[in-house]
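1. only geometry, no sequence info:
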Ligand SMILES: C[S@@+](CC[C@H](N)C(=O)[O-])C[C@H]1O[C@@H](n2cnc3c(N)ncnc32)[C@H](O)[C@@H]1O
C-alpha cells in the first residue's frame, strides 16, 4: 500500500483547526465515552457497515484518534488515516501502532500515490465540516477513490449549532454547518452518484445515562429510521453517502 507520502503544507484553515484539535486531543476520547455517544456510534457503524464492501481499502479522512478502528476490524495494509492535528495523530499511533497515518490537509492537492487507491473514503463525526472550501475537500475524497468506490461522511447539520457542551464550544468554532440540500448539492457537484443524506441523533444529547446501552442503541436506530430519513434537517448529524461512477 502507500509507503511514503510527501507531506504537503497545511492550509491556513487546516493549521487553525489542527491547533484546536491539538488542544483537545488528550481529553478527546474520554469525552465521548457516555452511553449517549456510544449509541450514536452504534447507529454510525451500523450505517457504515452497510456501505463497506468486503476487505476494502479505506481512507479515513480526519481520522482523529482512530475511532473507526475501534469499531471496524481493518488490516493495517488496508487502512490509511489522514488528519491535520499532530496531537490527535499521536494518540492514534499510541492506540493503533501498526496502522499508517499522515498529517495531511484534505483541502490540499491529493498526493499522487493516493489517487484511485481506495474503495471507501470515510469522514466520521464532522471531519469534513472543517473545510472552508468543501468542494476542494470533496474533490480529495473523490480522487482518492477508484471507480465504484463509496464515500461515507458525517457532517454537522444546522441543528448542531444548538449544542453547547463545553467541548463543543471550542470544537465548533471553526466548523461549518449544512442543511441536507446544501451538502447534497456539494457532493453531487463533486461528481458523486447515488447521493443520499439522512439525519441521525435528533435527541442524542437528551438520552438518559441511566437507561441501558441496548435501549439507547435501539432508540437512536429507530429514531434514525423513522425521523432521520424524513426530516434530516431536524438532526445535528447528517450522514452523506455517495458513489464514484
Ligand atoms: C470531530 S473530529 C473527528 C475525528 C474522528 N473522525 C472521529 O470520529 O473520532 C474532526 C477531525 O478532523 C480533522 N480535520 C479537520 N479538518 C481537516 C482537514 N482539512 N484535513 C484533515 N483533517 C482535518 C481534525 O483535526 C479532527 O481530528
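-> Yep, it's here. Values in this document were obtained by computation on a predicted structure and should not be read as measured data.
2. burial of the residue nearest to residue 229 when sequence neighbours are not counted, as a residue count?
-> Once flanking residues are discounted, residue 229 sits nearest to residue 198: 5.1 Å by Cβ to Cβ, 6 or more residues apart in numbering. C-betas here are computed from N, CA, C, even on glycine. As a burial measure, residue 198 scores 20 neighbours (other Cβ atoms under 10 Å).
3. could you say which helix or strand contains residue 198?
-> strand 193-200 (DSSP states H and E).
4. Just checking: what are the partner strands of that strand?
-> Sheet pairing here is set by DSSP bridges, and for strand 193-200 it gives strand 237-243 (antiparallel).
5. about what we covered before: going by neighbour count, list what's buried in the next helix or strand after the strand holding residue 198.
-> Using DSSP H and E, the helix or strand that follows strand 193-200 in sequence is helix 213-223. Buried residues in helix 213-223, defined by neighbour count with 16 or more other Cβ atoms under 10 Å: 216-217, 219-221, 223.
6. of these, closest to the ligand?
-> Distance to the ligand across the buried residues of helix 213-223 (Cβ to the nearest ligand atom) is lowest for residue 220, with 16.2 Å.
7. Tell me if I'm right that that closest one and residue 211 touch.
-> No - between residue 220 and residue 211 there is no contact under Cβ atoms under 8 Å: 11.1 Å.
8. what about the nearest residue to residue 121 once chain neighbours are set aside, how many neighbours?
-> Among residues not flanking residue 121 along the chain, residue 141 sits closest, at 4.2 Å (Cβ to Cβ, 6+ apart). Using other Cβ under 10 Å, the number of residues around residue 141 comes to 27.
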